[in-house]
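Trainee: sequence unknown, structure follows:
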């Protein structure tokens, strides 16, 4: 139906400009729909971790694969696509940091874990987008003719888990171990489910395997970082003890440098693990949601799937959470210790600056006194020479016949005037060279 016809049919109720994210938000509910499955069926599922560039490259490769099969590839905004091939269908899904490929096909017979039909897409021509993290095989078999106890021989009894779902119309089994081909085996026994129920339950079981593996990716990093966090904690205790006895500026500065080095080491580890720890929490939440939607019921005599995963995954998640919380708390303690020590260094610097200013003031006062002494001596010296010049001038004038008093009397009488004149002149010169221009 074209846009004009749709507008006429709705009476023009959507003549508005659309939000640029409207299609993505509305399409999210239908991004990864369940596929109806009829037993017997084999599902091969792989998940590959990828960086953004690998995700873009894989989209192009899968689009080429679709074209080679005569089928249109995924659109630019599509995050899942189904390609019919090899008598079955290959489902491609793009996630934030991994890509999954799931191939479902009818087996040669109804016997579980039999030979996979030839022509599956994961042969030599398949291009893995990144390192493989998840590999699982799920067999859907009808209940008729299969003894439940006999089916358990395909699993390790020590870790075999089982559940009932869909009001008893399905039984699922797995031991979460890898078979000879490196695949985790999951068996789904159909006891009268509709194809849509079979497809939904099969996808949820595969998602449980995928997300329980992804959730545990943070555990190796937490184990690796734990000794470093412990070392930083011990060094912080030692440094805070040394801070009590540090009294001089050099000691405080040395402690501050060591604290800065510890903070740098801690932040480097926290920055490297922040994404991985956050992703593990998110995947763990998705895992619990998927287990909740399965609505597991206990199968007498077997370990429950949810309780088994809780006992194994919960300690790992607590380890991740513990390391992350230790990093956060340690960062706060380092920040407080650094602030305290920096305050002490600043106080020491202010005290040192105060002492320096006091020393400068003392030197300035000494210079002023010396200057005043020099000025007094210079006034006396200059006045002495000026009085001498006045005497010489008086003698010369008297010898030239100019009627004058005795030259000695003239010299004596000129002393007060010369002293006053020289003192006033020096005062003007000093006032001229001061910043305020005020005489001292």
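Mentor: Perfect, thanks for sending it. All values reported here derive from a predicted model rather than from experimental measurement. Numbering: from 1, shown residues only.
Trainee: Please make it C-alpha for all contacts and neighbour counts, starting now.
Mentor: OK.
Trainee: who touches stretch 349-368?
Mentor: Contacting residues not belonging to stretch 349-368 are listed as residue 249 [C-alpha atoms under 8 Å, 6 or more residues apart in numbering].
Trainee: what residue ranges in this protein are flagged as low confidence?
Mentor: Along the chain, the model assigns pLDDT under 70 to residues 1-12, 14, 23-33, 109-110, 145-148, 246-247, 372, 376-377, 433-440.
Trainee: Per the annotation, how does it divide into domains?
Mentor: 35-196, 218-355, 364-432 (automatic domain parsing).
Trainee: The first one: end-to-end distance?
Mentor: It stands for domain 35-196. In domain 35-196, first residue to last residue: 7 Å (C-alpha to C-alpha, to the nearest Å).
Trainee: And for stretch 174-182?
Mentor: First residue to last in stretch 174-182 (C-alpha to C-alpha) measures 14 Å.
Trainee: how about the domains of the chain, which one is nearest residue 22?
Mentor: With C-alpha to C-alpha as the criterion, residue 22 lies closest to domain 35-196 of the domains of the chain, at 12.4 Å.
Trainee: just to revisit the earlier point, put together JSON lines for the domains of the chain, with distance to residue 203 and mean neighbour count on each row.
Mentor: Converted to JSON lines, those look like this (distance: least, C-alpha to C-alpha, whole Å; neighbours: other C-alpha atoms under 10 Å):
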{"stretch": "domain 35-196", "distance to residue 203": "8", "mean neighbour count": "17"}
{"stretch": "domain 218-355", "distance to residue 203": "10", "mean neighbour count": "16"}
{"stretch": "domain 364-432", "distance to residue 203": "87", "mean neighbour count": "15"}
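Trainee: So for residue 208, which of those sits nearest?
Mentor: Here domain 218-355 is closest among the domains of the chain (C-alpha to C-alpha), at 5.8 Å.
Trainee: distance between the ends of the closest one?
Mentor: With C-alpha to C-alpha, one end of domain 218-355 sits 55 Å from the other.
Trainee: Could I get the full set of strands for this structure?
Mentor: Here the chain has its strands, by DSSP state E, at 41-49, 80-85, 88-94, 98-105, 132-142, 161-165, 170-178, 184-190, 303-304.
Trainee: Would you format the domains of the chain as JSON lines with distance to residue 212 included?
Mentor: Shown next, in JSON lines, are the domains of the chain (distance: least, C-alpha to C-alpha, whole Å):
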{"stretch": "domain 35-196", "distance to residue 212": "10"}
{"stretch": "domain 218-355", "distance to residue 212": "6"}
{"stretch": "domain 364-432", "distance to residue 212": "77"}
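Trainee: Beta-bridge partners for residue 104, please?
Mentor: Beta-bridge pairing of residue 104 under DSSP bridges involves residue 43, residue 89.
Trainee: residue contacts, it?
Mentor: 41-44, 88-90.
Trainee: which of these sit farthest apart?
Mentor: 41 and 90 (13.5 Å).
Trainee: pull the longest helix from this protein.
Mentor: helix 305-399 (DSSP state H).
Trainee: Next, the angle strand 170-178 makes with that one.
Mentor: Orientation check (axes from the mean of the first three to the mean of the last three C-alpha atoms, to 10 degrees): helix 305-399 against strand 170-178 gives 50 degrees.
Trainee: what's the distance between residue 49 and residue 98?
Mentor: Taken as C-alpha to C-alpha, the span from residue 49 to residue 98 is 4 Å.
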